[in-house]
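Visitor: any chance you can model this:
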Amino acid sequence: MPKTKAGYIAIVGKPNAGKSTLMNSILDMKLSIVTPKPQTTRKQILGIFSNDSNQIVFIDTPGILKPKYEMHVKMMDFVENALESADAVVFIVDIKKYKTELDDQTLKFLTTVKKTNKPIIAILNKIDLYQDVKNVLPIISYYNDLDIFKEIIPISALKQTHIESLISTLIKYIPENEFYFDPEDISTLSQRFFVSEIIREQIFLSYSEEIPYSTEVVITQFREKAMGKWYISADIMVERKSQKIILIGRNGEKIKNTGEKARQAIEKHLEKAVFLELFVKVRENWRNNKTILKNLGY
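Guide: Below is the predicted model:
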């Protein structure tokens, strides 16, 4: 029997570095939600890549940040848990933002990870924005001189540039093991979770300023109705009445439009017809309420 390899790889980085886009690109499907806004990802999301003899379980994590709310503390706990369970770590960086100037917080984080003796691979994302590859060489030199990374790989997660080469490299860092999951599995998370994320994604895309960050989505009903159509009901939590008014919009037009876009995206994901109802509810200061956060899976 041929030997198989299987292991966990944590994907970490600053907010909006391209962590979720990278995992989606590797799996060649949209698993993690992606928006232009930072801090879109709030929890651990497992994506499973399998070929004939290798299985990599990727752990998409929230962006590294300095906590302002209890929710942020929990988000950073997800990052720490991912690092503990990982066989190797991928650190992805947006090289248009951080060419040769990683901040002290991030460098301290990377130094701490290095002390675990787990291999860290630097992924320099968005090389498609550089017309001349020579301009990337000083950036590679900077990350190499940090003496933190086992490998430094320039890619474009969005354009899927060098993704196959990246996968081949990462396979070197996972141990010989039997597969942890069925090769047909893509994730361990439920459809209810992904539906709530799709709704949250539309909120991030449809609203500005504080509204997306003050909301959380809870699926209250998820069941099949007659003729194969699915009924989904979701509560959108906000922290203040003023946010509820903005979220709903004049005569309910804003929430209706957001719901329609979410319904279409959910139908594409589930490949089933869906009837979606959204309700907006105020839960004051929920981002700092440990009990509410625990019930929400934080």
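Visitor: strands of the stretch 1-150 of the chain, residue ranges please.
Guide: For the stretch 1-150 of the chain, strands defined by DSSP state E, counting those that start in this stretch occupy the ranges 5-13, 45-50, 54-60, 88-94, 120-125.
Visitor: can you give the contact residues for the longest helix belonging to the chain?
Guide: Secondary structure assigned by DSSP state H gives helix 253-270 as the longest helix of the chain. Helix 253-270 is contacted from outside by 30, 191, 194-195, 198-199, 201-203, 205-207, 230, 232, 246-249, 273-278, 280, using Cβ atoms under 8 Å, 6 or more residues apart in numbering. From N, CA and C alone the C-beta is placed, and that goes for glycine too.
Visitor: just the CA coordinates for it, please, in PDB.
Guide: Extracted in PDB, the C-alpha atoms of helix 253-270 (Å, rounded to 0.1, in the frame of the first residue of the first chain):
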ATOM      1  CA  GLU A 253     -36.000  48.400   1.500                       C
ATOM      2  CA  LYS A 254     -32.400  48.000   2.700                       C
ATOM      3  CA  ILE A 255     -32.900  44.700   4.500                       C
ATOM      4  CA  LYS A 256     -35.100  43.400   1.700                       C
ATOM      5  CA  ASN A 257     -32.300  44.100  -0.800                       C
ATOM      6  CA  THR A 258     -29.700  42.500   1.400                       C
ATOM      7  CA  GLY A 259     -31.900  39.400   2.000                       C
ATOM      8  CA  GLU A 260     -32.500  39.000  -1.700                       C
ATOM      9  CA  LYS A 261     -28.800  39.000  -2.400                       C
ATOM     10  CA  ALA A 262     -28.200  36.600   0.400                       C
ATOM     11  CA  ARG A 263     -31.000  34.300  -0.800                       C
ATOM     12  CA  GLN A 264     -29.400  34.100  -4.300                       C
ATOM     13  CA  ALA A 265     -26.000  33.300  -2.800                       C
ATOM     14  CA  ILE A 266     -27.500  30.600  -0.500                       C
ATOM     15  CA  GLU A 267     -29.300  29.000  -3.400                       C
ATOM     16  CA  LYS A 268     -26.100  28.900  -5.300                       C
ATOM     17  CA  HIS A 269     -24.300  27.300  -2.300                       C
ATOM     18  CA  LEU A 270     -27.000  24.800  -1.500                       C
END
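Visitor: run the chain-centre distance for that helix.
Guide: Counting by Cα atoms, centre = their mean, to the nearest Å, helix 253-270 is centred 20 Å from the centre of its parent chain.
Visitor: may I see the buried residues of it?
Guide: 254-255, 258-259, 261-263, 265-267, 269 (16 or more other Cβ atoms under 10 Å).
Visitor: between the strands of the stretch 1-150 of the chain, which one is closest to residue 238.
Guide: strand 45-50 (23.4 Å; Cβ to Cβ).
Visitor: list the helices and strands that closest one packs on?
Guide: helix 19-27, strand 54-60 (3 or more Cβ pairs under 8 Å, 6 or more residues apart in numbering; DSSP states H and E).
Visitor: any stretches of this structure with poor pLDDT?
Guide: Across the chain, the ranges flagged by pLDDT under 70 are 1-2.
Visitor: quick check: domain ranges of it?
Guide: 5-171, 191-295 (automatic domain parsing).
Visitor: quick one, which of those gets closest to residue 178.
Guide: That would be domain 5-171 among the domains of the chain, by Cβ to Cβ, at 6.5 Å.
Visitor: how long is the closest one end to end?
Guide: 8 Å (Cα to Cα, to the nearest Å).
Visitor: repeat that for stretch 205-212.
Guide: End-to-end span of stretch 205-212 (Cα to Cα): 8 Å.
Visitor: name the residues of it that are buried.
Guide: 205-207, 211-212.
Visitor: what's the answer for stretch 154-169, then?
Guide: For stretch 154-169, by 16+ other Cβ under 10 Å, it's 154-158, 160-163, 166, 169.
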